[in-house]
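# give me a 3D structure for the following:
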Amino acid sequence: HGNLPEVSAEELRQAEDEEEEEEEDESVNHETVALTASSMPRVSAPIRIDRPQVPTPLVLPKTLFNSSRSCVSIPIPSDELSQTMDFLLGLCNALQKYGMPTHRIEHQIVWAADHLGIDASVLVFPTYISAMFKLKGSHSQVYSYNLNIESNFDCDRVELVDALVVKVAEGELSVDQGIIELRTILERKPRYSSSARLIFLTLVSGLISHLFFSAGLVEIVVSLGFGYLVGLFVILAEHSTAFTRVLEVFISIVVSAITTILDKTQWLGPINTNCLMMSGVIWCLPGLQINTATLDLATHMMVSGTSRLVFAFLIIFEMGFGFAIGSKVGMFWPSTVDSSMTATATIPSWPISKWFVLLEIPLVAISLGALLGASPRQWPALIVATIFASLISFMKGFFGTEISIILAQAAVILTANVYSRVYKRSGLPATIVGSLTLIPSSMAVRGVSTALIYGDFVSAIQFTFGMILTAVSMCLGTFLVITVMTPQTSSFDPHNS
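This next block holds a predicted model:
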């Protein structure tokens, strides 16, 4: 039609020439490809195309650290990185198992990992640990692990593991050497046999009855018997998980029932029932849990501290109910004396030299330390810490209860920190044993039992509030000393000690 432009014959000829040149180029290319293919050797098998492999899930078996690992779909780390992370997990597991406070575990593991070239993030709970690792200064894959922990405080092992962290982080030992030493610590047999622990439990009850409750000769003998009986139950509970769960209640019922029967019958004469009950169950009191919980809360470890404190209060209420039940059971025993004579009877005192206390305090410290797995090289520090803690009874008349507890606890922590700096080891064992002699939990148990047995809820509130004040005073004394002197300058800083 008329709208199309006119094309000359010359332009048509040029277009045809260009089409012919393009056809010749294509034929040359086909010949070249045919030649190349004919010159190549024939391949009988089909060519395999390698596709990108899917990362293999990391499923690590239970190692010598006896911990469960989370199975996450991440690339398997190199042997060296895996070994280092395995070692850090083992340290974390051991520190938590043997009683190190939460804030110290997190700080120590992160500090050690930093010196080993790994960025670490550790969250510690009373029975659970979550840890994440990655190579320092890189954007590599993050490796996540979860561990379930069963705690069992051990003075000697927690000190050895803490010292091992310092040695590896400061380059004194390699990771391979650290793993060997850690394996040696974990596989060691208990330092004290069941028979030795039974003797120490007996001594603790008898000595504390006189040292802290002013017991007479009769109460001391009965407390020794209670300590032996409690020791048998504790050793039996180690072989029965079901019995372990009701151990505190069962012991409270038995001790309270026997004490009530002795009080009603007066077979041994007038006795101090409160002294017998408290000294008989002294080893079951949750003083260790309360001290650790207060430290965790004071260092803003809210989850760990709260869970420990709730567990301690649960034990207190269980033992209070046990005392109430035991007293009711003991009331069914027929009385052999008139009730008016029982009410007006005078409890005989046992005159004893004040110098005898100098022998009692070291024996209490050694016995408590042995029950917590302390080695003989730790005994001097435990004895000095217990002596300072025992000074509270002498300072109450001058400074009052709360100030005396602050000063006594400050002296205990000062002893532990000096020991830590001199010997380059953890001062936690001295802190724990010294703090246990302040026994704030006994007041709360007495309060619960008083409320349940006699209906005296006012006294119960006073006892419980007194326990809280004692725990807070101990915490304040601890941090007053830490502000001035930290335990180990090589592995701690003032904000994490």
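# can you list the neighbours in contact with whichever strand or helix holds residue 362?
Per DSSP states H and E: residue 362 is located in helix 357-371. With contacts defined as Cβ atoms under 8 Å, 6 or more residues apart in numbering, helix 357-371 is touched by 155, 191-192, 196-197, 200-201, 203-204, 207-208, 210-211, 283, 378-379, 382-383, 385-387, 390, 429, 433, 436-437. To be clear about C-beta, it is placed using only N, CA and C from the backbone, and glycine gets the same treatment.
# just the buried ones from those residues?
Listed as buried from the contacts of helix 357-371 are 155, 191-192, 197, 200-201, 203-204, 207-208, 210-211, 283, 378-379, 382-383, 385-387, 390, 429, 433, 436-437; burial here means 16 or more other Cβ atoms under 10 Å.
# just those: which are in strands?
The members of the buried ones among the contacts of helix 357-371 all map outside strands under DSSP state E.
# show me where pLDDT drops low in this structure?
1-78, 138-140, 337-354, 393, 397, 439-456, 459, 485-497 (pLDDT under 70).
# strands along that one, start to end?
118-125, 128-135, 143-148.
# and the last one, how far out from the chain's middle?
For strand 143-148, the distance between its averaged C-alpha position and the chain's averaged C-alpha position is 17 Å (Cα atoms, centre = their mean, to the nearest Å).
# could you dump that strand to PDB, C-alpha only?
Listed next in PDB are the C-alpha coordinates belonging to strand 143-148 (Å, rounded to 0.1, in the frame of the first residue of the first chain):
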ATOM      1  CA  TYR A 143      27.400 -23.400  67.200                       C
ATOM      2  CA  SER A 144      24.700 -23.900  69.900                       C
ATOM      3  CA  TYR A 145      24.800 -26.400  72.800                       C
ATOM      4  CA  ASN A 146      22.400 -27.300  75.600                       C
ATOM      5  CA  LEU A 147      23.500 -29.200  78.700                       C
ATOM      6  CA  ASN A 148      21.500 -30.700  81.600                       C
END
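# quick one, that strand and strand 118-125 angle?
Using axes from the mean of the first three to the mean of the last three Cα atoms, to 10 degrees, the inter-axis angle of strand 143-148 relative to strand 118-125 is 30 degrees.
# i'd like the first residue to be 48 from this point on
Let's use 48 as the start, then, which means that last one is strand 190-195.
# mind listing what's buried along strand 190-195?
Applying 16+ other Cβ under 10 Å to strand 190-195 flags 190-192, 194 as buried.
# just curious, which of those is nearest to residue 362?
Checking the buried residues of strand 190-195 against residue 362 with Cβ to Cβ, the nearest one is residue 194 at 24.7 Å.
# so what sits opposite the closest one in the bridge?
residue 176 (DSSP bridges).
# isn't it up against residue 171?
No. Counting by Cβ atoms under 8 Å, residue 194 stays clear of residue 171, with 9.7 Å between them.
# shared neighbours, the two?
By Cβ under 8 Å, 6+ apart, the residues touching both residue 194 and residue 171 are residue 139.
# how far does the helix holding residue 409 sit from the chain's center?
How far helix 404-418 lies from its chain's middle: 24 Å, per Cα atoms, centre = their mean.
# what residues sit buried inside it?
407-418.
# and which of those is nearest residue 345?
In terms of Cβ to Cβ, no member of these lies closer to residue 345 than residue 415, at 23.3 Å.
# wouldn't residue 328 be in contact with residue 366 here?
Yes. Counting by Cβ under 8 Å, residue 328 touches residue 366, with 6.5 Å between them.
# ok, those two, which is more surrounded?
residue 366 (29 against 24; other Cβ atoms under 10 Å).
# separation between that one and residue 469?
39 Å (Cβ to Cβ, to the nearest Å).
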